[in-house]
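In: this one's sequence-less:
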DNA sequence: CCTACCGATCGGTAGG
DNA sequence: CCTACCGATCGGTAGG
């Protein structure tokens, strides 16, 4: 009896399935127009439910925004962190993470480009919960990359006296700019420019690399 | 008589003065919260006029947005282009423009960081008039810098076979990321990282510089 | 999950 | 420049 009920419900619009469908639509909308442009009314119309239907799932627009951020984090983890971290720890992993990021941009995982690059620009100058979430997410990226750079250093893959934070900045800047310009112009040249920039920064960090 | 009338009007809220005050408030609001967050009602309350008072000046929210963009362009020209272009044509000018940009960020010319970096992220994925304006403004920046790099090349300041577009990308990426991170964390370290990044890129472009 | 509703605010207009 | 208004949409709630 119980199983039958479950089956019947999941064949239609099961609660979880609806929730996932709503979140996916919300993430896509927020990635293109910003989290601030995400309204209950528009989203309800997009998904084909009533406004109060959305309130049953999220309770408030703030909670919806938080759930959207969490959903985007899952996607980023799956599409960038996971493949990037499969590489050998050390410089190879730093390169792999940058490559995974550029691939994620190139494959239009989000229709508006990197969700978190969008959030960064949308909330950097404001205060509040989304600003703090952006702040944490950027710290997480930088801290992860600095940890990987430190691992590379301990493995002797870096020349003496290198500034790890500077190295992370030097690979983050090109991937970030590539994201905005790729979305704006939809021209892959900028991805190649970012790749060249990263190659140069990593080559310059190696012991036998050119010293600036 | 005419002069007296002019004087009396300018002592109060002259039309031009009101227009300028409205635009300044609008530019500041848009720089922090985005051009999409700029509403007639909020702006009217901020400035202390009625909504229809704003319509007398701008006619529509779209026109207000265009006027805001134009006002921001003037400020950018005065604060970045003008001081940057005072340097000697060639590599010195490329360096000076980047330095002027970072100074403009550091001095909080706009309370939300670089107005056009904000616009880039807000409208890169949308279509419409603001998107096209963003597109033109970014092209203008890149074209100006590429022209300066070409001038440097003709003066023999660059090594053979250098990719001018790549050089421009390599100095634009750090200033762009520095803007977002400086607004987010309000920590000048990121400005120094951008300066170091630019120094390296320009040094590597010189004939006697290190070749990657 | 739905319909039906709330006050507030949106862009914009009429008339002065 | 103002008051007074328009229909549409906002986030959210009541009651089912």
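Out: Thanks, I have the structure now. All of these numbers come straight from a predicted model, not from anything done at the bench. Numbering: from 1, shown residues only, chains lettered A, B, ... in the order given.

In: my guess is residue A:148 meets residue A:95, correct?
Out: No - contact status for residue A:148 versus residue A:95: not in contact, 9.8 Å apart, counting by Cβ atoms under 8 Å. C-beta coordinates here come from the backbone N, C-alpha and C atoms, glycine included.

In: what's the neighbour count on residue A:80?
Out: Per other Cβ atoms under 10 Å in any protein chain shown, the neighbour tally for residue A:80 reads 24.

In: that one and DNA strand C: what is the separation?
Out: Here the criterion is Cβ to the nearest atom of the strand, to the nearest Å. By it, residue A:80 lies 30 Å from DNA strand C.

In: with residue A:177 instead?
Out: Going from residue A:177 to DNA strand C by Cβ to the nearest atom of the strand gives 31 Å.

In: nearest residue to that residue other than its sequence neighbours?
Out: Distances taken as Cβ to Cβ, 6 or more residues apart in numbering or on different chains place residue B:173 nearest to residue A:177, at 4.1 Å, with adjacent residues excluded.

In: the spatially most central residue of chain A: which element?
Out: The C-alpha lying nearest the average C-alpha coordinate of chain A belongs to residue A:76 (Cα atoms, centre = their mean; 4.2 Å). Following DSSP states H and E, one finds residue A:76 within helix A:61-76.

In: now do the buried residues in that helix.
Out: A:64, A:65, A:66, A:67, A:68, A:69, A:71, A:72, A:73, A:75, A:76 (16 or more other Cβ atoms under 10 Å in any protein chain shown).

In: one more: stretch A:158-173?
Out: Applying 16+ other Cβ under 10 Å to stretch A:158-173 flags A:158, A:162, A:164, A:166, A:167, A:168, A:169, A:170, A:171, A:172, A:173 as buried.

In: helices or strands up against whichever strand or helix holds the last one?
Out: Mapping residue A:173 onto the secondary structure by DSSP H and E places it in helix A:164-185. Using 3 or more Cβ pairs under 8 Å, 6 or more residues apart in numbering or on different chains; DSSP states H and E as the contact test, the elements touching helix A:164-185 are helix A:91-106, helix A:115-123, helix A:129-154, helix A:189-205, helix B:115-123, helix B:129-154, helix B:164-185, helix B:189-205.

In: rebuild these as JSON lines, extending it with distance to DNA strand D.
Out: Compiled in JSON lines, the helices and strands packed on helix A:164-185 are given as follows (distance: least, Cβ to the nearest atom of the strand, whole Å):
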{"stretch": "helix A:91-106", "distance to DNA strand D": "28"}
{"stretch": "helix A:115-123", "distance to DNA strand D": "15"}
{"stretch": "helix A:129-154", "distance to DNA strand D": "13"}
{"stretch": "helix A:189-205", "distance to DNA strand D": "33"}
{"stretch": "helix B:115-123", "distance to DNA strand D": "18"}
{"stretch": "helix B:129-154", "distance to DNA strand D": "19"}
{"stretch": "helix B:164-185", "distance to DNA strand D": "24"}
{"stretch": "helix B:189-205", "distance to DNA strand D": "33"}
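
In: export those helices as TSV, with columns for mean pLDDT.
Out: Formatted as TSV, these follow (pLDDT from 0 to 100):
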stretch	mean pLDDT
helix A:91-106	98
helix A:115-123	98
helix A:129-154	98
helix A:189-205	98
helix B:115-123	98
helix B:129-154	98
helix B:164-185	98
helix B:189-205	98
